[in-house]
Every structure is written in structure tokens, then in C-alpha cells.
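Enquirer: kindly generate the corresponding structure for this input.
(2 chains)
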Amino acid sequence: MIPWSDIFTTSWPKIAQILAVLAIFFGFYGIAFAAGARIKGKKQNFLALSLFLAPGVILAMTGLGIPAIQTFLESFKNADSSKWVGFANYTRAIQDPDIRAAFYNTTAWVVICPIVVTSLGLTLATMLNKMKREAFAKSLIFMPMAISFVGGSLIWNMMYQYEEPNMPQRGLIGQLMKSVGLPLQHLLLWHPWNNLFLMVVYVWGFTGFAMVILSAAIKGIPADIEEAAQLDGATGIRLFRTITVPMVKTTIIVVLTTAMVGTLKLFDVIHTMTGGNFKTDVLSNRMVDENFVYLNYGRGASLAVLIFLGVLPITYYNIRSLRAERKHH
Amino acid sequence: MLKKKGLLVGAAVATLSLVATVFTTTSAKAADCADYAQFGKYNATVKVFAGIRDPEATVMTNIFKQFTACTGITIAYEGTDQFETLLPVRVKGGNAPDIALIPQPGLVATMVATGKAVPISAATRSNLNSYYNPAWKSFTTINGRIYGAPFGASSKSLVWYSPAQFKKLGVKVPTTWAEMEAVAAKFKAAGANPWCAGIESGAATGWPATDWIEEMALRELGPKKYNMWWQGKLKFSSPEMQGVMNKVAAWLGTASQVGDLKSVATRRFQDAGVPGLKNGTCGMLQQASFYASMFPAGTTFGPSGDADAFYLPATNAKFGNPVEGGAEFPVAFSTKPAVGAVQAYFSSPVYATARAAAGGWTSANTGVPIDTYKDPVLKAVAMQLQNKSGAIVFDASDLMPSAVNGAFWKEITKYYAEGKSMKDVAAAIDANW
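Expert: Residues are numbered from 1 along each chain as shown, chains lettered A, B, ... in the order given. Predicted coordinates for the structure are as follows:
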């Protein structure tokens, strides 16, 4: 056991450092603002803008910009970034059968998961709208959002747990299959279906989020439009198709693209449940493995760049629809 | 993987030492400095940096007290779980410790390449020559100069079993491969899997299977070819290594030996022998000495205890009884005489005997009387490590480049999970050199 006094004596330099950095930061800004306030005339506006922008730009550059450039450069270097290797990391990424499999899996994730998540979310939001105890039902569906994907994956790992047919089953799914009389399967090894079993975890974790966002949008549909449609005789599916969906279209796109970006970056479910084995690897998990397990920074960086290129158009589209929605309101 | 295994070894040693400290009284009071005269008198502080943490670190630093009292050298110890990451950073930044206890020969080589590490002191070299199997100095010999003598050491060449189950079947601890196969056959006849196996370990899934191939390569091909193998001079797809891999496939890679192969791929390595060994659902488990910490609290070890381990027998008489082991090497970053004295102390029977008596720790030092080890399993491990005639080698996969090591455990997992042939596994690993 380490005594408390030791914790303090070993960490006080760090605390002092943090305080010093904060003091310097605020001191600098105090002086800058004081100086800025004295300048009058034409330059005032420009100065004020750059003063306010500077901290954001500096933080964005050190936290995002510089590492991004570094990663890009590293993707053209060898394992320990000591030599330039041209496009070798990229050609390998295309030729390696494991990375190609990871690429196909990622594509499947990006196509299947967002569609399932969004349609499930939309269905739930519509069905629960104006229902009795709506909040209660929604909290239950939203609950998995509160669990990290690592925690969720561990739970689902137990659900999928395989035991020999003659043994008592520890996994819920295995027990259910046994009760119904289905042949037991190594669910996490059963290619290609194991990819779907992993996606279930993501859908379970993310549907609540989609539902809440879509539900807010549905509640934002002006009541008079809905009433007018109902007066014209539209009910049920027709009302949903002609009024609800078009009215929340931009939100649907936002949820869809957010889920897409999320699945492209998804790593924790794969890492926790299969470690990328059993043909379930995805690009982001492979990137982490290349970087931190194989210690090959060049290959890791090249995969990071590829993922970034995949995320870019979706993010662009996402931001555009967000803007469109803002103008709309 | 290195780190993971290191942590496990640490955890194992920690649990064992907790048990052991209850039974042994620390003899710090014996104010006899005669044994310490060889190290000289100084007034200095030596900074030692390592991955060894509490509770083991406390046991260790308590033993240093006597050294400090007799020599005037204070050992300022710092332990961290980020050792492998921090050491290169500190050495690069001109903030190197006086001595670092490095558990991987690869990292020793990296440190020597920085030009900051210094060869061992003369007194340390003399200890190394008198008390250790010559193999130990080969791991840190770079360009003809030696940089470290082993500190603590461990063995991987063990087979765990349940003495109760062995008794039930009426079998004795095997000493040859054929005897071991006979024991396996008895388990088979009794309706159990002869071998326990599980290779799941998160992102490092597959590493226990790489150990099996290493053990077999060492036994079948001998230490010379074993070293060529991890150096990349003997390919996985070479006829020799293919022979080894097929032998492992027959030994621990068929359903009749280990049960359903896919289950092997998804079973956590920690669960491989617990509770299977005790229940008798599987007979034996090949795993390193740290596996002791996987047994539930209160487990007693030894031939009449709840669990015990024996030496994995040789397959080829030509190579004697070779051992796959591991050790920390105290590498110095300073030429100060006091630093050399501490290094000599670490490699001496004086330290090793005191530390071994405190329990939960094994040394390769032959100057330690074997009865110093109270725990029967530790005693068996120490005897393996002291063995002056047989070859001692390091974990081959940990000596390979990280990319090859990673491919090794990923591909061998495919053998179990996807039924990939050993030939295709070998070709895929070779592509990473």
C-alpha cells in the first residue's frame, strides 16, 4: 500500500506543472486582451477576431492538424519511420489477404449497420411517439448507450459463449439453440455470420441514440401539417411515408452518416470480442494492431490514411445536411 | 505480448511471494557483513529502474537494506508497469537510470545501440562465469561484450498436472516423451482429453501455441537451429520447421488430444487448466511457471499438493534436457564503481540466496543452495535453470521482429479456428520477414 503522503510527494511536480501552464495561459490572455482593448479603429475588428480564434486554432493544430500531417508522412515511411519507402505500405495494404478481408468486412459494417440502426430507430421512434409511458420505454432502449462498447462486448461475449453440446450451456444464445434443438455453433467463429453477430452488438448499443434523435425530430413536425393530412384521410403507413419521413429527412441523413462514420472508426467491439481473429477484422482494429502490436508505424499510418479517406466524404455530406437543416428551421 | 507476459510473471511471482512471506522470516537482522566485504565500501546512491512492482518490489527492497548497511550504497528503486516504453524515452532524453533490469534481450540490444549502456563490471563477469549456465551470457553479448547477468529467471518448459488425477489413474510423473504419451493415453482411455489447451488472449490470441512450437523446435532441432530460426535464417516453411509444426499438430493440435480445436481458439489461456486439471476433464497443460497464479487462492503446490508441474521431457537425446527460460538483465548506464558493485551484488549468490529464501522467486544462480527454495514447483524451476549442461534458450517469438511475432500468433490461431494447414500458416508468417 502506498501512503497518501507518497502519492502527494510523487505527483506534486505534475500538479505544479498544470497550475503553471494555466497561469501562463490566463496571464498571456489577460495581457493580450488588455492590449487589444486599447487598440481603436480599423485594426480593432481583425485583432479581436484573431485573438479569439488563436486558442482554438492552436489547440486544433497541436491536437489534430500536426498529428494528421505526421501520420500522412509516416504512411510513406518504414516500420520505425527511419526510411522513406514510397507507396510500399499502400501496395501491401492492397495485396495482404488479411487486410483485404478487413476491408470487405469494414464495407459490410458501413453498409449494414447504419441502415439497420436508422430504420430500427425510426420505427421505434414512430411507434413510441405519443404512447403511454413513452419516456420509460425510451429509457430502456437508450440504456445500452450508457454502457461502453467494451463493456457491451464483454456482455455479448458471454451471450455467445460456446460449450460442448453435452455440457451445461453458459451462453444464453447457446442455451436457447439447445432448447429449440438447433445444432450448437461456435457463433464467433462461424464465418461469415460471425460478422453479423458482432454487428448486433453495435446495433444494440447505438439504436437508442438514433431513436432519441429521430424522436425529437418527429416531435418537431408541426401539428397542423399532421392534422391536415389526417383530415385528408391519411393514416398509419401512409401518414408515415408521406408526412413523417419527408419531414425528418435531414435528421435521418444525419443519423445515417453519423452511424457510418461510427462504424468506419469502430474498433472496440472487434478488439474485445475476437481481437480481429476468425475473419472478423476491420480496418481500424488492424490499424491499432499494426501500430501497437506489430510496432509497424508505417503500415498503421497507411491504414489510418485509408480510413480517413473513407470518412471524409461522409463527414462532408453530414456537415452539409446539418447546415441545410439549420437553414430549414 | 512481451509486456503482457511480463505482467503475468509479475503477478505469479507476487502471489507466490505473498504466500511465501507468511512462512519465512526475513533475516534482515543478521548484522553480518562478511559476505558483503567483496562489494567494497562507498558513500553513494545508485538508481535502479525496472518493471517489478509491489508486492514483489517491497520484498526485494527489504533485502537491499542489508547491502546498504554493509556497503554504504543506497539503492533507489523505481518500478513501473510502463517500463518497456519509458526506458528508451529516458535513455534517449539523457535521463538514464544507473541500472535498468531489462527482461528482453531485444531491448538490451536497442539500449546498447544507443551507446549509453556499458558492459558489465569485472566482478559481475566473474560471477557470471562461476555461477551460471554459459547460455545466459549469450543473450546479452553484443559485439563480443557482455551487458548483463541474469537477475530473476523463470522457465517455460513445464507441464502442469493434478497429483490427485495422476494417482487416480495410477500413473507417475513422466520423465521421457514416451512415458508422457503413455500418461496421455491413460487419460484418453478414461474419457478425458489428454491435454488442456486454450490460446485466447485478446489481441495476442495464439501466443501459448507459439510457445508449444518453440518447445518442440528446441527439442527436435536443438539450440543452434532454434537460434537460427528466430534470427530468420531458418524459415517456418523449411522442412525442419515444418516437421516441428506437424509434430505440434499431432501433439496439441488434434481433437483426440485437446478436444474441439475451435474451442481451443476461444478458450482463455487462463482457463485452459482451471478447473479442467482438477476435475479431470483434461490431463496435462504445457504452460510457463507463472501459471501458478491462475490457480484459485489456497491451492497447494507440489507432488502431494493440489497442483504440480514437471519438466516437459526431451524428444531427442542428442540435445540433453534443454530449457526455454526468461530473465531480467541488470544493464548499467554508468561506469561509476558503486554501480558496478550493485551489478555484482545482483549477480552474486549473496543476493540470490536471500531473495530465494524470501520466496516467490527463482534464480539461475547455481550458488544458491537448492533447498533455499521452499515451494516444490519453484524448486523444480530453479533446478531447470541451474542445469549447467543442458541448453537454455529464450522465448523465440519474443526475439523475432514484432511484425513476425504478431503474424506468428495470428496465423497459428487460424490453424485452430479456421483449419488452415500448417504449411499455409508457415508461408503466411514467412511473408513478414
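
Enquirer: distance of residue B:277 relative to residue B:295?
Expert: Counting by C-beta to C-beta, to the nearest Å, the gap from residue B:277 to residue B:295 is 9 Å. In this view, the C-beta of every residue, glycine as well, is placed from N, C-alpha and C.

Enquirer: any weak-confidence spans in the stretch 201-329 of chain A?
Expert: A:325, A:328-329 (pLDDT under 70).

Enquirer: in chain A, which spans are strands?
Expert: With strands called from DSSP state E, chain A shows none.

Enquirer: which residue comes closest to the residue nearest the centre of it once chain neighbours are left out?
Expert: Per C-alpha atoms, centre = their mean, the C-alpha nearest to the average position across chain A is that of residue A:262, at 2.9 Å. Computed as C-beta to C-beta, 6 or more residues apart in numbering or on different chains, the closest residue to residue A:262 that is not its neighbour in sequence is residue A:206, at 6.8 Å.

Enquirer: ok, back up a step: so how far is chain B from the residue nearest to the centre of chain A?
Expert: Counting by C-beta to the nearest C-beta, to the nearest Å, the gap from residue A:262 to chain B is 21 Å.

Enquirer: for chain B, which helix extends over the most residues?
Expert: For chain B, the longest helix by residue count, based on DSSP state H, is helix B:207-230.

Enquirer: what's the first helix or strand after that helix?
Expert: helix B:239-252 (DSSP states H and E).

Enquirer: mean confidence for that next one?
Expert: Helix B:239-252 carries an average pLDDT of 97.

Enquirer: do stretch A:109-117 as well
Expert: pLDDT averaged over stretch A:109-117 gives 95.

Enquirer: show residues contacting that stretch.
Expert: A:195-196, A:199, A:202-203, A:206-207, A:210, A:255-257, A:259-260, A:263-264, A:266, A:282, A:310 (C-beta atoms under 8 Å, 6 or more residues apart in numbering or on different chains).

Enquirer: before we move on, the earlier item: shared neighbours, residue B:277 and residue B:295?
Expert: residue B:307.

Enquirer: ok, residue A:277 to chain B distance?
Expert: 5 Å.

Enquirer: do the same with residue A:102
Expert: Residue A:102 is 12 Å from chain B, by C-beta to the nearest C-beta.

Enquirer: the nearest residue to that residue once chain neighbours are set aside: neighbour count?
Expert: Distances taken as C-beta to C-beta, 6+ apart put residue A:281 closest to residue A:102, at 4.1 Å, once the chain neighbours are dropped. Neighbour count of residue A:281, defined by other C-beta atoms under 10 Å in any protein chain shown: 25.

Enquirer: thought residue A:281 was touching residue A:103?
Expert: No - in this structure, residue A:281 is not within contact of residue A:103 by C-beta atoms under 8 Å, at 9.4 Å.

Enquirer: sorry, back to before: and the residue nearest to residue A:262, what does it touch?
Expert: A:113, A:117, A:145, A:259, A:262.

Enquirer: identify those among those that sit within helices.
Expert: Assigned to helices by DSSP H, the following of the contacts of residue A:206 qualify: A:113, A:117, A:259, A:262.

Enquirer: interface residues of chain A facing chain B?
Expert: Contact residues, chain A versus chain B (C-beta under 8 Å from any C-beta of the partner chain): A:2, A:79, A:98, A:162, A:164, A:186, A:188-189, A:191, A:271-272, A:275-279, A:288-289, A:293-296.

Enquirer: on that earlier part again, max pairwise distance over the ones in helices among the contacts of residue A:206: which two?
Expert: Across the ones in helices among the contacts of residue A:206, the two members that end up farthest from each other (C-beta to C-beta) are A:117 and A:262, 8.8 Å apart.

Enquirer: what's stretch A:292-305 in contact with?
Expert: With C-beta under 8 Å, 6+ apart, stretch A:292-305 has contacts from A:71-72, A:74-81, A:85, A:88-90, A:92-93, A:99, A:283-284, A:286-288, A:290-291, B:1, B:203-204, B:402-403, B:405-407.

Enquirer: how about a cut-off of 6 Å?
Expert: Applying C-beta atoms under 6 Å, 6 or more residues apart in numbering or on different chains, the contact partners of stretch A:292-305 are A:71-72, A:74-75, A:77-79, A:81, A:89-90, A:93, A:283, A:286-287, A:290-291, B:203, B:402-403, B:406.

Enquirer: domain-wise, how is chain A divided?
Expert: Domain assignment for chain A by automatic domain parsing gives A:4-86, A:89-328.

Enquirer: then chain B?
Expert: B:2-155+B:325-394, B:158-323+B:399-430.

Enquirer: tell me which of the ones you listed sits nearest to chain A.
Expert: Between chain A and these, the shortest gap by C-beta to the nearest C-beta is with domain B:158-323+B:399-430, which sits at 4.1 Å.

Enquirer: and chain A, is that closest one touching that?
Expert: Yes - judged by C-beta under 6 Å from any C-beta of the partner chain, domain B:158-323+B:399-430 comes into contact with chain A through B:202, B:203, B:205, B:262, B:402, B:403, B:406, B:413, B:417.

Enquirer: quick one: least confident of the residues you listed?
Expert: Confidence-wise, residue B:203 trails the rest of the residues of domain B:158-323+B:399-430 next to chain A, at 75.

Enquirer: gap between residue B:102 and residue B:112?
Expert: From residue B:102 to residue B:112 the distance is 10 Å (C-beta to C-beta).

Enquirer: ditto for residue B:220
Expert: From residue B:220 to residue B:112 the distance is 32 Å (C-beta to C-beta).

Enquirer: same thing with residue A:208?
Expert: For residue A:208 relative to residue B:112 (C-beta to C-beta), the value is 55 Å.

Enquirer: burial check on the residue of the stretch 1-150 of chain A found nearest chain B, number of neighbours?
Expert: The minimum distance from the stretch 1-150 of chain A to chain B, using C-beta to the nearest C-beta, falls at residue A:79 (6.9 Å). Applying other C-beta under 10 Å, we find 19 residues neighbouring residue A:79.

Enquirer: not counting its neighbours along the chain, what's nearest it?
Expert: Nearest to residue A:79 is residue A:296, by C-beta to C-beta, 6+ apart, at 4.3 Å.

Enquirer: same check on residue A:68?
Expert: Nearest residue to residue A:68, sequence neighbours excluded (C-beta to C-beta, 6+ apart): residue A:308, at 7.8 Å.

Enquirer: okay, now that neighbour: neighbour count?
Expert: So residue A:308, with other C-beta under 10 Å, has 15 neighbours.

Enquirer: before we move on, back to that, quick one, which of the domains of chain A is packed in tightest?
Expert: With neighbours defined as mean count of other C-beta atoms under 10 Å in any protein chain shown, the domains of chain A peak in mean count at domain A:89-328, which reaches a mean of 18.

Enquirer: for it, what is the distance to the chain centroid?
Expert: Relative to its parent chain, domain A:89-328 has a centroid offset of 9 Å by C-alpha atoms, centre = their mean, to the nearest Å.

Enquirer: then stretch B:412-426?
Expert: 26 Å.

Enquirer: so which bits of it are buried?
Expert: For stretch B:412-426, burial by neighbour count (16 or more other C-beta atoms under 10 Å in any protein chain shown) applies to B:412, B:413, B:414, B:415, B:416, B:417, B:418, B:422, B:425, B:426.

Enquirer: give me the low-pLDDT residue ranges for the stretch 251-400 of chain B?
Expert: B:388-389.

Enquirer: before we move on, back to that, what's the closest of the contacts of residue A:206 to residue B:303?
Expert: residue A:145 (54.4 Å).

Enquirer: OK, contacts around the closest one?
Expert: A:208, A:209.

Enquirer: show the pLDDT at it.
Expert: The model's pLDDT for residue A:145 equals 89.
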